[in-house]
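> no sequence on this one, just coordinates:
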């Protein structure tokens, strides 16, 4: 099989398309013939060294495909089943080893490529809108990078919950995508803070350094900043008194692994997600497909913010 490995952390040049022996599952593991792997900013963090890893390793955190082998003790899944997963390192490969308790069944109404594209971002959008801040009808929600893969999902799920959704984008083309996802109002990054000052119940910020301060300004008193990523760079340390002065604000830095740590919670979130997809209530915009061997280009395009929607790799 082929896989994308790194033996050092750095730029896209450290990504190597290599041949490896087919994996053998251990106890509690399954091997999956990968139909597609999702490309996410966390993969860039793993590659670059922002999130240190034990090296060498195969990277990639999300995928879907067909189960081809079972390890000892595996129950509840069979060879031939279609499954998907998120937050499992080693997903940029023809074949991935996945802990059986991290694999979720993909229903017949959801293609494997869509499932692969939906897992990490979809589960993240789910916990952000249902747990980190339970969006309610009438809430005023701000979604940064509203044309990106995460942004489009957050806009759609907040609208399903009855919120008024504002989105930020950088271009007219991206504005069109954010509006198609359901955003009520779309603003440019340089204008949003002044336009929304003191109005917003929750800010969903995956951009980080470039938008964080403006997002705090946009929040109403006792509003919540949910900082879930840092595409523009990490946010500098903040004095807690800033939260006091700007209205007793709340700040959280959530991450997916803590919201799917229990299998029951993982299955519930995935069931909701796939149900919305199958019913047409949630659209997954797979905007770019790359052969697995072209992973460097995928990383460059994502990091350069040259893409909208979701990027996937096809083995």
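Thanks, I have it. Owing to the predicted nature of the structure, the values given are computational and were not obtained by experimental measurement. Numbers count the residues shown, from 1 in each chain.

> Residue 165 pairs with what?
Under DSSP bridges, the beta-bridge partners of residue 165 are residue 141.

> need the contact list for it.
By Cβ atoms under 8 Å, 6 or more residues apart in numbering, the residues touching residue 165 are 141, 142, 143, 155, 158, 159, 182, 183, 184, 185. (C-beta placed from N, C-alpha, C; glycine too.)

> Weed out the non-buried ones from these.
By neighbour count, with 16 or more other Cβ atoms under 10 Å, these hold 141, 142, 143, 155, 158, 159, 182, 183, 184 as buried.

> Strands - which of the residues you listed land there?
Using DSSP state E, the members of those that fall in strands are 141, 142, 143.

> and which of those is nearest residue 268?
residue 141 (22.3 Å; Cβ to Cβ).

> got the end-to-end distance for stretch 73-81?
In stretch 73-81, first residue to last residue: 17 Å (Cα to Cα, to the nearest Å).

> Could you do stretch 130-146 as well?
Using Cα to Cα, the two ends of stretch 130-146 sit 18 Å apart.

> ditto for stretch 278-289
Start and end residues of stretch 278-289 are separated by 21 Å (Cα to Cα).

> Show residues contacting that stretch.
36, 107, 109-110, 113-114, 117-118, 122, 149, 152-153, 156-157, 160, 177, 181, 273, 276-277, 298, 301, 307-314.

> Produce a ChimeraX select command limited to the buried residues of those.
In ChimeraX, a selection of the buried entries from the contacts of stretch 278-289 looks like this (16+ other Cβ under 10 Å):
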select :36,110,113,114,117,118,122,149,152,153,156,157,177,181,273,276,277,298,301,307,308,309,310,311,312,313
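
> Of the contacts of stretch 278-289, which belong to helices?
Within those, residues falling in helices by DSSP state H are 113-114, 117-118, 122, 149, 152-153, 156-157, 160, 177, 181, 273, 276-277, 298, 301.

> quick one, domains of this protein?
2-120+257-314, 136-253 (automatic domain parsing).

> gap between the two ends of the first one?
Think domain 2-120+257-314. End-to-end distance of domain 2-120+257-314 (Cα to Cα): 12 Å.

> For that domain, what is the distance to the chain centroid?
Offset of domain 2-120+257-314 from its chain centre (Cα atoms, centre = their mean, to the nearest Å): 11 Å.

> what residues are up against residue 218?
When contacts are counted by Cβ under 8 Å, 6+ apart, residue 218 touches 142, 192, 193, 196, 197, 198, 199, 200, 203.

> Tell me how far residue 19 lies from residue 47.
To residue 47, residue 19 is 20 Å away according to Cβ to Cβ, to the nearest Å.

> With neighbour numbers in mind, choose between the two.
residue 47 (26 against 8; other Cβ atoms under 10 Å).

> Stretch 252-271: end-to-end distance?
Stretch 252-271: ends 26 Å apart by Cα to Cα.

> buried sites along that stretch?
Using 16+ other Cβ under 10 Å as the test for burial, stretch 252-271 gives 254, 256, 259, 260, 266, 269, 270.

> roughly how far is that stretch from the heart of the chain?
12 Å.

> ok, now stretch 228-237?
Counting by Cα atoms, centre = their mean, stretch 228-237 comes out at 15 Å from the chain centroid.

> residues making contact with that stretch?
Residues from elsewhere that reach stretch 228-237, judged by Cβ under 8 Å, 6+ apart: 41, 124, 128, 145, 150, 204-212, 227, 253-255, 305.
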